[in-house]
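Visitor: Fold the following, please.
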Amino acid sequence: MFCLQCGNEIKEGAKFCAKCGWAVPATAVPTEAVQTAPIEKHCASCGTVLKDGVKFCPKCGVAVQGNVSAVSPPPTAINQQAAVPPTQTAGLQKKKNTKRNLIIAGAVLLVILVASGIVYGVTSASTTASANSNQQNAKAYYDKGMAFFNNRDYDNAITQFSEAIRLDPFYAYAYAYRSWAYGRKNNNEQAFNDANIAIMISPSLGIGYFVRGRLQSDNDRAMADYNEAIRLDPKLKDAYNNRGNAYKNKNDYDRAIADYNEAIRLDPNYPIPYGNRGKTYMEMGQRDRAIQDLETAISLDPDFAWAKDELKKIRGY
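Guide: Purely as a prediction, here's the structure:
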């Protein structure tokens, strides 16, 4: 290696330059990796460049020996990796920091999303469980309401249906049967509202159209609702019975009889269509058939008041 002060060759392992006494740093560049440039000698007094061999400075006359400063360009490392400029190093470090920050941010976001998913899952599960519980309780009240309704206790039926609706505001069947119960209590305005709500909640619910048809003052509108109810629910016996009444009101007795027959076919123990068919037969002048149907209606329901009245009129007592 060479001295960076005077250019003198330094032996391997030496700690000082033998010529000028320059301290060799621990990271000195090896001799084979250094290429030195020619050394320029300068007058120590005035700085003039001195040629080799001169004994006095041509400018200031100062003796050259012992009064020279040797200056050479810094050695150049050959086949060594180029040093990275400070600005580029800072840029690389910034990129590393940015990448690290992105990784950290991604990890934090992942934790948040997972935690949110867990919280949402727990909340969703809790909400679902609560909704299921309300629906089960609503069904229990609806069943109680139907028991009261079938026993013609319409006040208690309305109370139970209302509680079912409170627990499940979208319980279409509860609205439909509460409408029917209100109709039995002659509260037609509330009955009509409930029927419309039932249809709005479930447009494919046949019973909704049936209960609204019962409330229609116009026979054609009533028949339209019954037609839709039967289309949606072909086994809805009450819709056939009431559509038979609508046909009877139009003196279309054959179609009326056909609908009563279908209602009876669907439920042979249903007394009302027997009574209605009996009345229709009487209007058609078929007295024996009328008596037979009215008697059947009364046998199925001993408290069937208007059937008893019709039978008395026919018999004349």
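Visitor: Can you show me the helices along the chain?
Guide: For the chain, applying DSSP state H gives helices covering 86-150, 154-167, 172-184, 188-201, 206-215, 219-232, 237-249, 253-266, 271-283, 287-300, 305-315.
Visitor: would you turn those helices into TSV with mean pLDDT and mean neighbour count?
Guide: All C-beta spots, glycine's among them, are computed from the backbone N, C-alpha and C. As requested, the helices of the chain are arranged in TSV below (pLDDT from 0 to 100; neighbours: other C-beta atoms under 10 Å):
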stretch	mean pLDDT	mean neighbour count
helix 86-150	67	12
helix 154-167	98	20
helix 172-184	98	25
helix 188-201	97	19
helix 206-215	98	25
helix 219-232	98	18
helix 237-249	98	23
helix 253-266	98	19
helix 271-283	97	23
helix 287-300	97	18
helix 305-315	93	15
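Visitor: which stretch among those comes nearest Gln5?
Guide: Proximity to Gln5 (C-beta to C-beta) singles out helix 86-150 among the helices of the chain, at 26.1 Å.
Visitor: and the closest residue to Met282 other than its chain neighbours, what is it in contact with?
Guide: Once flanking residues are discounted, Met282 sits nearest to Ala290: 3.9 Å by C-beta to C-beta, 6 or more residues apart in numbering. If you count contacts by C-beta atoms under 8 Å, 6 or more residues apart in numbering, Ala290 has them with Gly278, Lys279, Thr280, Tyr281, Met282, Glu310, Ile314.
Visitor: so how far is Lys237 from the fifth one?
Guide: What it means is Met282. When C-beta to C-beta, to the nearest Å is the yardstick, Met282 and Lys237 sit 22 Å from each other.
Visitor: returning to what we had before: show me which of the contacts of Ala290 is closest to Leu205.
Guide: Minimum separation from Leu205 among these (C-beta to C-beta) is found for Thr280, which lies at 29.1 Å.
Visitor: Check the gap between that closest one and Ala224 for me.
Guide: Thr280 sits 21 Å away from Ala224, taking C-beta to C-beta as the criterion.
Visitor: repeat for Gly145
Guide: 28 Å.
Visitor: can you check Arg152 too?
Guide: 28 Å.
Visitor: Quick one: residues contacting Gly206.
Guide: The neighbourhood of Gly206, defined by C-beta under 8 Å, 6+ apart, consists of Glu228, Ala229, Ile230, Arg231, Leu232, Asp233, Leu236, Ala239.
Visitor: now the fourth one, nearest residue through space, not along the chain?
Guide: Leaving aside its chain neighbours, Arg231 sits nearest to Gly206 (7.7 Å; criterion: C-beta to C-beta, 6+ apart).
Visitor: how far is stretch 135-151 from where the chain is centred?
Guide: 33 Å (C-alpha atoms, centre = their mean, to the nearest Å).
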